[in-house]
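1. Provided below for reference: sequence and predicted model.
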Amino acid sequence: MSETKFDMKLQAWLERSARRLAPVAARVEESYAREALELASGLMLSKLGPYRLAVDQAQEANETSARAAEEVAKAQVAVEGAYARLHAASQAHYYVALSQGESEKETLKRRLNRGMPQAPSAFNVLGVDRKRSVMSRALRYGEQVLGANHEVVVESRGVYEGLSQALDAADSQKARAVKQMQRLFSARDSARLAYVAARQIVEAALLLDGDGSLGQLMPPVSDVYGARQFARAEVDAAEAEDGAEVVVAEPVMEPSLPDDVVDT
């Protein structure tokens, strides 16, 4: 997530307004007005630091979360390849058993279908959580029929563990990003309220001094919302793009039967 234009503008207004008030406070004659202007400046500066920190932390957390999601995507590609090889090795084992006169053909077929419920092409379009579940079952089957030390089984196990670790890391980073966004919302609201309150204090101080330059010193906070609405549209577009990358529905497919498989 990039820093929104609303946050950029509000931070700039807090800093600029606080700096503008210093020379104004120095030249006003009314002591109460001067103290009020100094109070308003200090109030805005006290919220500016935490606000900037919250924005930076939210950006960092979202970038880390995005990179974790990229690692999940890479792990999915690796799992798809490993599943295809494990599927092929299991099919080969089935046909070798039949060629050697195995009498329990139907039993072997049912076991293969339970262990390898999806053809590779169907496996590839599954959602990531479903992929992990199907791969786990395929691994158990592969260990039973091929052996735990079989080259394809060993490779598949490592790839499966890589996907699991990537998913766990992505979940953790996503939770952290959500938490940082909540902190940003809180800091943003606090900064906005500080600006509004400071502007009211400045307005009162300028009235005491007979100065009508409030609009030049501190524009009304409502002027920020045009930028915020534009920023909200940017965020919505980014979220929609992220959502498009997630498989939210899986096709209903019958388990592949060994006799239906065409070797390529």
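-> That came through, no problem.

2. where's Gly101, which helix or strand?
-> Applying DSSP states H and E as the criterion places Gly101 outside every helix and strand.

3. In this structure, what helix or strand scores lowest on average pLDDT?
-> Among the helices and strands of the chain, helix 225-244 carries the lowest confidence by mean pLDDT, DSSP states H and E, at a mean of 47.

4. Could you measure from Val72 over to Tyr160?
-> As for Val72, its distance to Tyr160 is 13 Å (criterion: C-beta to C-beta, to the nearest Å). In this view, the C-beta of every residue, glycine as well, is placed from N, C-alpha and C.

5. the more surrounded of those two?
-> Tyr160 (22 against 18; other C-beta atoms under 10 Å).

6. Packing partners of the helix or strand hosting that one?
-> Following DSSP H and E, the helix or strand that holds Tyr160 is helix 151-209. Contacts defined by 3 or more C-beta pairs under 8 Å, 6 or more residues apart in numbering; DSSP states H and E place helix 151-209 against helix 5-27, helix 31-99, helix 128-145, helix 214-217.

7. any idea how far the second one is from the chain center?
-> So that's helix 31-99. Here helix 31-99 shows a centroid-to-chain-centroid distance of 4 Å under the convention C-alpha atoms, centre = their mean, to the nearest Å.

8. Show me what it is packed against.
-> Contact partners of helix 31-99 among helices and strands, from 3+ C-beta pairs under 8 Å, 6+ apart: helix 5-27, helix 105-115, helix 120-124, helix 128-145, helix 151-209.

9. orientation of that helix relative to helix 151-209 in degrees?
-> With axes from the mean of the first three to the mean of the last three C-alpha atoms, to 10 degrees as the basis, helix 31-99 and helix 151-209 are set at 170 degrees to each other.
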